[in-house]
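Trainee: A structural model of the following input is requested.
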Amino acid sequence: MLAAALAAGPVLLGASAAHAAETPVAYARAELVGGTIGGADLRTLVAVQAAAALNNGSKREVISANPLAVEVLRSVNVALPNGVALDLGSGVDAGAAMQWAGAWSDGSAEAHVKTVGNGGAADVHPSDANASGAMVIDLTALLGSRFTSTITSLDLRLGAVGASAEGHGEVASGDYTLAGAQLLVRTPAISNLTSKVLAAIEPAEARIASLGGSSGPLASALRSSLGGVLGSNASLVNVDVSIDSNLRGAVEPLLTARLDTRGASVDLEQGAIVIDLQTLLGRNLNSLPPSTELLSEAILVPVLNSITGSVADIADDVVDVVRATLKNVRVDIRASVNVLTPQQAETVETCVEVPIVSDLPIVGGLVGGLTGGLTGPLTELVCTVTTKVLPDLRTALDLRIAGDLSMLGKADADVATATLTVLGVPVALDISAVLKGLSVPIVSTIGNGDSTIAAVRSALQATLVDPATSGLLGGAGLGTALSDVLSVKVNVKSTGSISAADGTYFTQTAVRVAALQGSLVTLNLATATVGPGVLPTDDGEDPDGPGGPGGPGCTGDDCVAAPPPSFTDGGGPLAFTGANIGALIALIMVLIAAGVALLKARRGGFALSRDVLIG
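Mentor: Got it, this is the predicted structure:
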């Protein structure tokens, strides 16, 4: 075991320079996942198998070939000091991690590690996060409670990743590969676009709808205008106010769930953002300077600003559509009445002279004296009273007013016709007075559109724009979480020494993920270590590059599987403040489910050679 070998450093590594010159020591290690959690070395907390080779000069070569089935990562969770779990690979799809380490009797050493999948290409949508060849690491647990209200999940997705290191004499070099790097974010800050917009326009829809109907404000205003000519009959007028408005249909074309901006694809319905770090960086991920930070403010803030700007543009577009739709709301008013008013009956008196005695004879004497000597018929006046029934008087109205809401609000209309008869007499109706009466409730309800627009804008600001701004750019937002809390560095080159041995060791790391400047978690993805007694070259480039796939197993009895020492850029690992390392180790050793040992060797196979790995 390497630990024992390092403990007996004077024996294995040589106590003197002369002995070291006679029997050079070579060491190489290739490891897919390493790092520290709360200051404790990850490889001491979980069963991480790496390819390691130690040659003290007694063998011509020591080769360790250790291919690993990556699918075992899917079920691995490591407990963090705050009691939550860090998911190291639920998104890892089919493929393998190939690790190869070689140490030779002349003191030279090589280490190569890479993930192998079906292409390793990165897709552009969260639902495709498990595409072949990609490793997805759930970073949500590293954010802490500060970001729970703004970040639902945060995943780092890496394409095929690899590292290579070579040491010859006192010179070491390293290189790396990275097929792609994306952040997959889900946040309520930009989710549920449709429901937010439709809720914002509800006040406008309600105000418009309230104008319609037979008992609404327009119908009441019309009856009031007709009261002067119809009197009590105005209450009998049948009024139908039809409102043709479809605000929802007008804004729906704006509610596309996806928007694309440079370096990011955004689903505004699901609240999902895919940030392509290579696009934002503006250069190939495989040619970055050492320790390039992918989550710097200079990289992230522009794209987050662009997303919030796009959300604000959508809000402005909705306001513009609502304003235009209000002006074009069609109003059709129809009113009618048909009332018969009975007239009072006429009384007629007819008088007729009715004869009393006819053919009176002319005689003398008493009769003659009484009649005065008159001759002819005697009559009297008889009068008769009769009642004459008069026809009912008709009061009738047929009115139609139609036009856009904005026109009616200004006492204007496309159609304004009316015929009116009152008690059988045609009457000219002052239609302009009626229109003025209708404009009053329109202005009071819609406010010429100004108050309604203001209500919509205020709702959009409160539910759409402000949450997006604070959720992406605020103190507890995505930008702060990524630039202040998390770090993703690519092409990390580091050297370290071993207290029990002479010389320095060089490590090439493809990707280093850290939380809270490494004090909480540091994950090294694809590391290759060689040494001792080596220093990195100036250019740090390895022309061969990281290796490729191969078979399982070692090539001889000299395979070394012991863990190597830990190396950091600044010397020793950072301790987790206030943590008891013994208790911390016990906590982190609690892994979910049986059989979830990290990077368990894949069964069966074929010999894994250096030529296959780096080819």
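
Trainee: start to end distance for stretch 230-248?
Mentor: Distance across stretch 230-248, first residue to last, is 40 Å (CA to CA, to the nearest Å).

Trainee: what comes into contact with it?
Mentor: 198, 201, 204-205, 208-209, 211-214, 216, 218-219, 222-224, 226-227, 322, 325, 329-337, 339, 395, 397, 422 (CB atoms under 8 Å, 6 or more residues apart in numbering). C-betas here are computed from N, CA, C, even on glycine.

Trainee: Can you list the buried residues in that stretch?
Mentor: Residues of stretch 230-248 classed as buried by neighbour count (16 or more other CB atoms under 10 Å): 230, 233, 234, 237, 239, 241, 243, 245, 247.

Trainee: Would you mind putting the residues you listed into TSV with distance to residue 311 and secondary structure alongside?
Mentor: Putting the buried residues of stretch 230-248 into TSV (distance: CB to CB, whole Å; DSSP: H, G, I helix; E, B strand; the rest coil) gives the following:
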residue	distance to residue 311	secondary structure
230	54	helix
233	56	helix
234	52	helix
237	49	coil
239	44	strand
241	37	strand
243	31	strand
245	26	coil
247	20	helix
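
Trainee: Which members of those residues are the farthest-apart pair?
Mentor: 233 and 247 (37.3 Å; CB to CB).

Trainee: so where do the helices sit in the stretch 401-550 of the chain?
Mentor: Per DSSP state H, counting those that start in this stretch, the stretch 401-550 of the chain carries helices over the ranges 405-409, 431-446, 450-460, 466-473, 478-480.

Trainee: can you tell which of those is closest to residue 166?
Mentor: Residue 166 lies closest, by CB to CB, to one member of these: helix 478-480, at 39.3 Å.

Trainee: Who are the packing partners of that closest one?
Mentor: Applying 3 or more CB pairs under 8 Å, 6 or more residues apart in numbering; DSSP states H and E, we find helix 478-480 packed against helix 297-327, helix 466-473.

Trainee: mean confidence score for that helix?
Mentor: Averaged across helix 478-480, the pLDDT comes to 89.

Trainee: what's the answer for stretch 156-173, then?
Mentor: The average pLDDT for stretch 156-173 rounds to 89.

Trainee: again with stretch 337-349
Mentor: Per-residue pLDDT values over stretch 337-349 give a mean of 81.

Trainee: Check stretch 176-189 too.
Mentor: In this model, stretch 176-189 carries a mean pLDDT of 91.

Trainee: Check stretch 231-248 too.
Mentor: 89.

Trainee: swap in stretch 304-311?
Mentor: Stretch 304-311 comes out with an average pLDDT of 93.

Trainee: Could I get the buried residue list for it?
Mentor: Buried residues in stretch 304-311, counted by 16+ other CB under 10 Å: 304, 306, 307, 308, 310, 311.

Trainee: Now do it: everything it contacts.
Mentor: Residues from elsewhere that reach stretch 304-311, judged by CB under 8 Å, 6+ apart: 190, 259, 261-262, 264, 266, 268, 273, 464-465, 468-469, 472-473, 478-479.

Trainee: check contacts around the spatially closest residue to residue 188 that is not a sequence neighbour.
Mentor: Leaving aside its chain neighbours, residue 188 sits nearest to residue 271 (5.6 Å; criterion: CB to CB, 6 or more residues apart in numbering). When contacts are counted by CB under 8 Å, 6+ apart, residue 271 touches 152, 186, 187, 188, 189, 190, 191, 192.

Trainee: what do you get if the cut-off is 10 Å, keeping everything else the same?
Mentor: By CB atoms under 10 Å, 6 or more residues apart in numbering, the contact set of residue 271 is 126, 151-153, 185-193, 468, 471.

Trainee: Now do the strands in the stretch 401-550 of the chain.
Mentor: Listed in chain order, the strands of the stretch 401-550 of the chain (DSSP state E, counting those that start in this stretch) span 415-422, 425-427, 486-497, 504-515, 521-531, 535-536.

Trainee: Of all those, which one comes closest to residue 299?
Mentor: strand 486-497 (10.3 Å).

Trainee: Run the angle between the closest one and strand 504-515 for me.
Mentor: Comparing the axes of strand 486-497 and strand 504-515 via axes from the mean of the first three to the mean of the last three CA atoms, to 10 degrees yields an angle of 160 degrees.

Trainee: The residue lying closest to residue 185 once chain neighbours are set aside pairs with what?
Mentor: Leaving out its chain neighbours, the residue that sits closest to residue 185 by CB to CB, 6+ apart is residue 273, at 4.3 Å. Beta-bridge partners recorded for residue 273 (DSSP bridges): residue 185, residue 266.

Trainee: Just give me the neighbour total for residue 273.
Mentor: Applying other CB atoms under 10 Å, we find 26 residues neighbouring residue 273.

Trainee: hang on, isn't it packed against residue 152?
Mentor: No: if you go by CB atoms under 10 Å, residue 273 and residue 152 don't touch, sitting 11.0 Å apart.

Trainee: where do the contact lists of the two overlap?
Mentor: Taking CB under 10 Å, 6+ apart as the contact rule, the neighbours common to residue 273 and residue 152 are 185, 186, 187, 189.

Trainee: Shouldn't the last one be within a helix?
Mentor: Yep, that's residue 189 we're talking about. Yes: checked against DSSP: H, G, I helix; E, B strand; the rest coil, residue 189 lies within a helix.

Trainee: who touches it in this structure?
Mentor: Going by CB under 10 Å, 6+ apart, residue 189 touches 149-152, 271, 273, 307-308, 311, 464, 466-474, 477-478.

Trainee: what's the answer for the third one, then?
Mentor: Listed by CB under 10 Å, 6+ apart, the contact partners of residue 187 are 147, 149-154, 270-273, 467-468, 471-472, 477-478.

Trainee: Of those residues, just the buried ones, PyMOL syntax please.
Mentor: Of the contacts of residue 187, the buried ones can be selected in PyMOL as follows, counting by 16+ other CB under 10 Å:
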select buried, resi 147+150+151+152+154+270+271+272+273+467+468+471+472+477+478
